[in-house]
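K.L.:
sequence and predicted structure are below.
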Amino acid sequence: MRKPLADRIRPESLEDVVGQKHLLSEGKALYNLITSGDIPNLIFYGPSGVGKTTVASIIAKKTNRSLRRLNGTIASTQDIKDIVAEIGTFTAPNGILLYLDEIQYFNKRQQQTLLEYIENGKITLIASTTENPYFYIYPAILSRSTVFEFKLISWEEIIPAIKRGFKILSEENGVTLELEEGVCERIARGSGGDVRKALNCVENCFFAALTKDGAKSVSLELASQLVQQSSVRYDRDGDEHYDIISAYQKSMRGSDSNAALHYLARLLEAGDLPSACRRLMVCACEDVGLAYPQIIPIVKSCVDIAQAVGLPEAKIPLADAVILVANAPKSNSGVNAIDSAMADVSSGNYGPIPRQLQNKHYDGEDREVKGQFYIYPHEFKNHWTYQQYLPDEIKDRQYYIYGDNKNEQAFKSYWDKVKKNEKD
């Protein structure tokens, strides 16, 4: 069975690795470690298809240790024990370099099994993960490893690998290959920074193209048909998911409608309508709030329409709502107020509800002064009169502070006038 193209043309030297110049350029820390041959325990963190496995393979060739590979999604504790059993034998006389892909899927016990052998140097660990290692990797392993972050590869950097892939396929199959202008760029842009996906598409394009007179021609239309919708990197349980929805809300909060629409598009392209709707409603309440309170039912209506019609038409009401939220005046006075109140309650900073507010209209026989003494505000001018509502222990607490926007300042002006007249 033939290996995938991405494996067949995997670089064998650091100079041929696509992207990651911040790690692999001459003089960079990882480059120096690899070229020295004295390899410490390493953790490679970053999205798939950006060179983590390739660099690990290059490292293995630069050491005289036996390379073993495990994948955290399928490996068991017994697999680890089997590798450990090789240490000191003729198959691994100088120790083992273990490349553990997707280490985040190893549970704590499995990761602990590695510790003893990492500490005594018999196993050098190179682990890769697409998730934040500080959340998913056992701290004892982290403390004995150096973390390097691999970043997304730009589409321009992927083009040479795509051209090389087409060239190799042409030579292997003994056919002349013609590429319509823009094919390589279309594949590169559609790969989402993933070299492996780009090369898989190259293979698909090559074999889908018809052969005529010993030649193949790959059209831009064919490439467009075969490019998967992979330009949006997305995993609903992964870091990328939270990064996108975070950027989505922060762009609306920052009143940048262009950026907010961009991240909305990424959510919708990934089919994540629930996250797009939820964060939109949260932002309307949290970040616009009392500066323009009418926005809340408007946004809710847009969300209802989006959920009723579904994708792709849902993009229209959501785009309207996102632009409205981004361009609306902002105030976080409401969320600050409830956060302050919640802080008091969670810390136990409260007391009994004042008698005049309690839901009872009788007093025990031991109460010297009987009566609820509740004052009904609607019996007074402007429907207001002074009355203590907070418990005695926090009777002067102020949670809500009027925002500096036109709407809240109008509220403040009204109540300042009403309360001043009451005092007079």
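P.N.:
Cool, got the structure. If you're wondering where the values come from, they're calculated on a predicted model, not measured in any experiment.

K.L.:
those helices in the stretch 251-400 of the chain, which residues are they?
P.N.:
Assigned by DSSP state H, counting those that start in this stretch, the stretch 251-400 of the chain shows helices spanning 257-269, 273-283, 295-309, 315-327, 333-346.

K.L.:
and the stretch 51-200 of the chain, by the same measure?
P.N.:
Assigned by DSSP H, counting those that start in this stretch, the helices in the stretch 51-200 of the chain fall at 52-61, 77-86, 108-119, 133-136, 139-142, 155-173, 183-189, 195-208.

K.L.:
partner strands of the helix or strand following the last one and their direction?
P.N.:
On the C-terminal side of helix 195-208, the nearest following helix or strand under DSSP states H and E is strand 211-212. With DSSP bridges as the test, strand 211-212 is paired with strand 215-218 (antiparallel).

K.L.:
quick one: residues in contact with the partner strand.
P.N.:
Strand 215-218 is contacted by residues 166, 170, 175-180, 183, 205-206, 209-210 when judged by C-beta atoms under 8 Å, 6 or more residues apart in numbering. From N, CA and C alone the C-beta is placed, and that goes for glycine too.

K.L.:
quick one: buried residues of stretch 62-69?
P.N.:
Using 16 or more other C-beta atoms under 10 Å as the test for burial, stretch 62-69 gives 63, 65-69.

K.L.:
over to that stretch now: how far is its first residue from its last?
P.N.:
16 Å (C-alpha to C-alpha, to the nearest Å).

K.L.:
turn the helices of the stretch 251-400 of the chain into CSV, columns for distance to Ile39, mean neighbour count and mean pLDDT.
P.N.:
Formatted as CSV, these follow (distance: least, C-beta to C-beta, whole Å; neighbours: other C-beta atoms under 10 Å; pLDDT from 0 to 100):
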stretch, distance to Ile39, mean neighbour count, mean pLDDT
helix 257-269, 37, 19, 92
helix 273-283, 40, 19, 93
helix 295-309, 51, 17, 94
helix 315-327, 48, 20, 96
helix 333-346, 48, 14, 92
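
K.L.:
can you put those helices in TSV and add distance to Gln372?
P.N.:
Listed next are the helices of the stretch 251-400 of the chain as TSV, based on distance: least, C-beta to C-beta, whole Å:
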stretch	distance to Gln372
helix 257-269	51
helix 273-283	39
helix 295-309	35
helix 315-327	44
helix 333-346	24
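
K.L.:
right, and those helices - which one's nearest Gln409?
P.N.:
Counting by C-beta to C-beta, Gln409 lies closest to helix 333-346 out of those; the figure is 11.0 Å.

K.L.:
run through who's touching the closest one.
P.N.:
By C-beta under 8 Å, 6+ apart, helix 333-346 touches 285-286, 289-290, 349-350, 394, 397, 399-403, 408.

K.L.:
check contacts around the residue lying closest to Gly214 once chain neighbours are set aside.
P.N.:
Closest residue in space to Gly214, ignoring its immediate chain neighbours: Val175 at 5.7 Å, by C-beta to C-beta, 6 or more residues apart in numbering. Going by C-beta under 8 Å, 6+ apart, Val175 touches 211, 214-216.

K.L.:
and Ile43, how far from Asn107?
P.N.:
As judged by C-beta to C-beta, to the nearest Å, Ile43 and Asn107 stand 17 Å apart.

K.L.:
quick one, which of those two is more surrounded?
P.N.:
Ile43 (23 against 10; other C-beta atoms under 10 Å).

K.L.:
residues making contact with the helix or strand that contains the more buried one?
P.N.:
Secondary structure assignment for Ile43, by DSSP H and E: strand 42-45. Under the contact criterion C-beta under 8 Å, 6+ apart, strand 42-45 has outside partners 33, 52, 55-56, 59, 103, 125-133, 137, 141-142, 145-150.

K.L.:
note down every partner strand of it and its orientation.
P.N.:
Going by DSSP bridges, the partners of strand 42-45 are strand 123-129 (parallel), strand 146-149 (parallel).

K.L.:
any stretches of the stretch 1-150 of the chain with poor pLDDT?
P.N.:
Within the stretch 1-150 of the chain, the stretches with pLDDT under 70 are 1-2, 64, 92-94.

K.L.:
list the residues that contact Glu181.
P.N.:
The neighbourhood of Glu181, defined by C-beta under 8 Å, 6+ apart, consists of Leu220.

K.L.:
ok, it to Leu267 distance?
P.N.:
From Glu181 to Leu267 the distance is 33 Å (C-beta to C-beta).

K.L.:
likewise Ile80?
P.N.:
In terms of C-beta to C-beta, Ile80 sits 39 Å off from Leu267.

K.L.:
same check, this time on Ala260
P.N.:
Between Ala260 and Leu267 the computed distance is 11 Å (C-beta to C-beta).

K.L.:
joint contacts of the two?
P.N.:
Common neighbours of Ala260 and Leu267 (C-beta under 8 Å, 6+ apart) are Tyr248.

K.L.:
could you count how many residues lie near the closest residue to Lys412 other than its chain neighbours?
P.N.:
Take Lys412 and drop its neighbours on the chain: the residue closest to it by C-beta to C-beta, 6+ apart is Tyr402, 4.2 Å away. When neighbours are counted by other C-beta under 10 Å, Tyr402 registers 17.

K.L.:
my guess is Tyr402 contacts Gln409, does it?
P.N.:
Yes: using C-beta atoms under 8 Å, Tyr402 makes contact with Gln409 at a distance of 6.5 Å.

K.L.:
what residues does stretch 108-121 touch?
P.N.:
Residues contacting stretch 108-121 (C-beta under 8 Å, 6+ apart): 41, 75-77, 80-81, 84, 87, 95, 98, 103, 123-125, 137-138, 140-141, 144.

K.L.:
please repeat the previous calculation with a cut-off of 7 Å.
P.N.:
41, 77, 80, 84, 95, 123, 125, 138, 140-141, 144 (C-beta atoms under 7 Å, 6 or more residues apart in numbering).

K.L.:
which of the contacts of strand 215-218 has the most neighbours?
P.N.:
Cys205 (26 neighbours).

K.L.:
quick one, what contacts it?
P.N.:
218, 222-223, 226.

K.L.:
now name the helix or strand holding the closest residue to Val282 other than its chain neighbours.
P.N.:
Nearest in space to Val282, with sequence neighbours left out and distances taken as C-beta to C-beta, 6+ apart, is Gln249 at 6.9 Å. Under the criterion DSSP H and E, the helix or strand holding Gln249 is helix 239-253.

K.L.:
mind giving me the packing neighbours of that helix?
P.N.:
Judged by 3 or more C-beta pairs under 7 Å, 6 or more residues apart in numbering; DSSP states H and E, the packing partners of helix 239-253 are helix 257-269, helix 273-283, helix 315-327.
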